[in-house]
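In: Fold the following.
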Amino acid sequence: FKIDEFAAITPKIQANQAWNDTTGAGVKVGVIDEYCQITHEDLVENLGEVVYYSDLDHGYNLYPSDDSQYKHGSWVTGLISAKGDNNKGVIGVAPNSKFYFASNVKLLSTETGLEQRTSASSQVINAINFLVSKGVKVINMSFGYYVSGSPSTYNQELLYTTISNAITGKITFIEASGNDNVDVSSYYGPVMAGDGYVYCNGTNTTPCHDYFSLIPGVISVSSVNNTDRRSGFSNYGRRIDLSAPGEDIVTTSYNFNQLTGTLSPTYPIPTSNPRSVFGTSFSAPIVTGAVALLLELKPDLTPAQVRD
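Out: Residues are numbered from 1 along each chain as shown. Sure thing, here's the model as predicted:
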């Protein structure tokens, strides 16, 4: 199996050895993120289906006005499913997997150069339900769900139940642990408070930097550098299940025509031009791709068996 000029993974995970036996063929992978350039020459062949939810206009919005919204979803998806052996761009960890993309995530803030993304619980629930209906076996969530202060804007209980039910239905969830450099060991929730919400540590005043890791069965991924040491920005602690490379990761770039507001195959840069990125957002899809490789060989594994 030919590795493209710019590999989307590092030699440390030894994906090229796994490709002798599995490439993720037949495995449906779900991605919840911002927007994705689904016409990208390294992605289009592996596209299963896409649905776009807009937090701004409460409907479907195929072409957002802000070109930066394309980058994160394109980068994440390329690490999982970028097509291989085509002499273009990069290759994903599971280059023959099919990806199903649900867009519902928005930029929250920028901290120390790392963009933090979050999403309302209703949007996450909608995305999960869409992906479940398509028969995906693993879902990547490279975004945060930050719970702090009053929970009036969150429906954490329904989100908790939605993810738990999907895990029971043999869907594996992979989440990025976050880029806050926070020890998440102290979180012991989520706690069902009996008022329709779920709190971290039983209180609505405790900021929860890594909410998804508190849900039993969700696999939380932190970032390491090329010497296998924790990245300085990565969250850490006993809630983390494993680590994956998250610095100087090369993946698919994106294109956006700012003049027409539509995607273009040649503007402003060639689609084959890769992009180097860093963050736990890109550690998680490396693990998601690895799960897809495993599920091609053993499709009946439960999320607990995948985790073990």
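
In: gap between Lys134 and Ser97?
Out: 13 Å (Cβ to Cβ, to the nearest Å). Just so you know, the C-beta spots here come from the backbone N, C-alpha and C atoms, and that holds for glycine as well.

In: of the two, who's got more company?
Out: Neighbour comparison, Lys134 and Ser97: the larger count goes to Ser97, with 29 against 15 (by other Cβ atoms under 10 Å).

In: so who does the closest residue to that one other than its chain neighbours touch?
Out: Leaving aside its sequence neighbours, Ser97 sits nearest to Gly24 (Cβ to Cβ, 6 or more residues apart in numbering; 3.4 Å). Contacts for Gly24 (Cβ atoms under 8 Å, 6 or more residues apart in numbering) come out as 81, 93-97, 289, 292-293, 295-296.

In: returning to that earlier point: could you name every residue contacting both of Lys134 and Ser97?
Out: Common neighbours of Lys134 and Ser97 (Cβ under 8 Å, 6+ apart) are Lys28.

In: Do me a favour and average the pLDDT over the lengthiest helix in the chain.
Out: As assigned by DSSP state H, the longest helix anywhere in the chain is helix 280-297. Confidence for helix 280-297, expressed as mean pLDDT, is 96.

In: Tell me the one among the contacts of Gly24 nearest to Asp183.
Out: Relative to Asp183, the closest of the contacts of Gly24 is Gly289; by Cβ to Cβ it sits at 27.5 Å.

In: Nearest residue to the closest one in space, please, no chain neighbours.
Out: Using Cβ to Cβ, 6+ apart, the closest residue to Gly289 is Val93 (2.6 Å).

In: so how many other residues sit close to the one you found?
Out: For Val93, using other Cβ under 10 Å, the count is 30.

In: Confirm that it lies within a helix, as I assumed.
Out: No. Under the criterion used here (DSSP: H, G, I helix; E, B strand; the rest coil), Val93 is coil, not part of a helix.

In: Checking the spatially closest residue to Asn225 that is not a sequence neighbour next. Helix, strand or coil?
Out: Once flanking residues are discounted, Asn225 sits nearest to Glu247: 4.7 Å by Cβ to Cβ, 6+ apart. Under three-state DSSP, Glu247 falls in the coil class.

In: Wait, Glu247 touches Ser276, no?
Out: No. Applying Cβ atoms under 8 Å as the test, Glu247 and Ser276 come out as separate, 9.1 Å apart.

In: which of those two has more neighbours?
Out: The neighbour comparison of Glu247 against Ser276 (other Cβ under 10 Å) goes to Glu247, with 21 against 13.

In: residue contacts, Met141?
Out: Per Cβ under 8 Å, 6+ apart, neighbours of Met141: 32, 124, 173-176, 212, 284.

In: Out of the residues you listed, list just those in strands.
Out: 32, 173-176 (DSSP state E).

In: CSV for those residues, including distance to His72?
Out: Shown next, in CSV, are the ones in strands among the contacts of Met141 (distance: Cβ to Cβ, whole Å):
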residue, distance to His72
Ile32, 11
Phe173, 18
Ile174, 16
Glu175, 15
Ala176, 11
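
In: from those residues, which single one is nearest Tyr52?
Out: Closest approach between these and Tyr52, by Cβ to Cβ: Ile32, at 11.7 Å.

In: what about the closest one, how many neighbours?
Out: 28.

In: Val136 is in contact with that one, correct?
Out: No. Here Ile32 does not reach Val136: they are 10.4 Å apart, not a contact under Cβ under 8 Å.

In: Just the pLDDT at the residue nearest to Ser97, thanks.
Out: In the predicted model, Gly24 carries a pLDDT score of 97.

In: give me the element it is part of.
Out: Assigned by DSSP states H and E, Gly24 falls within no helix or strand.

In: how close does it get to Ile91?
Out: The value you get for Gly24 to Ile91, if Cβ to Cβ is used, is 11 Å.

In: Right, I'll leave it there.
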